[in-house]
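A.B. asks: Quick check, what structure comes out for this input:
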Amino acid sequence: MKIISMIPARYAASRFPGKLMQDLSGKTVIRRTYEATVATNLFDAVFVVTDSDIIYNEIVNNGGKAIMSIKEHDCGSDRIAEAVADLDVDIVINVQGDEPFTDAGSLKKLIEVFKDDNDNSIDLASLMVHIEDEAEINSPNTVKVIVDQTNFALYFSRSTIPYPRDKNAGAKYYKHKGVYAFRKQAILDFYKLPMQALEASEKLEQLRYLEYGKRIKMVETDVQGVEIDTPEDLERAKKIWK
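C.D. replies: Residues are numbered from 1 along each chain as shown. Sure thing, here's the model as predicted:
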């Protein structure tokens, strides 16, 4: 089984433009993420996939591997699908470019999902973290996921799901971490399928998979990590790095 990692990287982020090129204790955020992913030793190859000459040069000039996107893309999955179309690969792990604290243990759990999937019933896998903080549960910036009894995703939302009409019912809340593991065919199918209403409404690409009947296996991890979406996140990351 050939397994690679793809790190989609846009320069123009809406909330924090140029965040991937910000300095994180002597190296850029995207370089930190790339090097941390390589250092897991879990992949046959690691690539940054970008539409930015600045990010491409940052990786290549520092000894890394990068691929320039040919077309314009609305989401990371589309960018990855274009990049892997002609590659000989079985599983693709999408690591977000703004997560420099890449956790090898969590990534290994995602890979094991496919090694144990003898009947190929899983199209993709992703990570979730149990959360209890009410502010985080209610924040539209925190993407929540609900799962069935076997941890297959039922729905993802920026809203509070499940809605706590009965606060004593014992429902748990899970934050979705944007790290995906795809079968190659699943991501190629995604690329060909048009966006539907749920994805367009929530602005969550994973909903496209659910809307077209793909099965997403969720894997629980206790590693929160740091997603750098704002300047405040960057300052927090600098403190953690030290």
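A.B. asks: Average pLDDT for the lengthiest strand in the chain, rounded please.
C.D. replies: The longest strand of the chain (DSSP state E) is strand 173-183. Average pLDDT, strand 173-183: 91.
A.B. asks: list the helices and strands that strand packs on?
C.D. replies: helix 76-84, strand 91-94, helix 104-115, strand 124-131, strand 144-147, strand 216-220 (3 or more Cβ pairs under 8 Å, 6 or more residues apart in numbering; DSSP states H and E). Heads up, the C-betas are built off the backbone N, CA and C, glycines and all.
A.B. asks: So which of these is nearest residue 232?
C.D. replies: In terms of Cβ to Cβ, the element of the helices and strands packed on strand 173-183 nearest to residue 232 is strand 124-131, at 18.7 Å.
A.B. asks: If you compare the directions of the longest strand of the chain and helix 104-115, what angle comes out?
C.D. replies: 60 degrees (axes from the mean of the first three to the mean of the last three Cα atoms, to 10 degrees).
A.B. asks: Direction included, what does strand 173-183 pair up with?
C.D. replies: strand 91-94 (antiparallel), strand 124-131 (antiparallel), strand 144-147 (antiparallel) (DSSP bridges).
A.B. asks: need the next SSE after that strand, C-terminal direction.
C.D. replies: Next helix or strand after strand 173-183 toward the C-terminus (DSSP states H and E): helix 184-192.
A.B. asks: residues of that next one that come out buried?
C.D. replies: Judged by neighbour count using 16 or more other Cβ atoms under 10 Å, the buried positions of helix 184-192 are 184, 186-187, 189-191.
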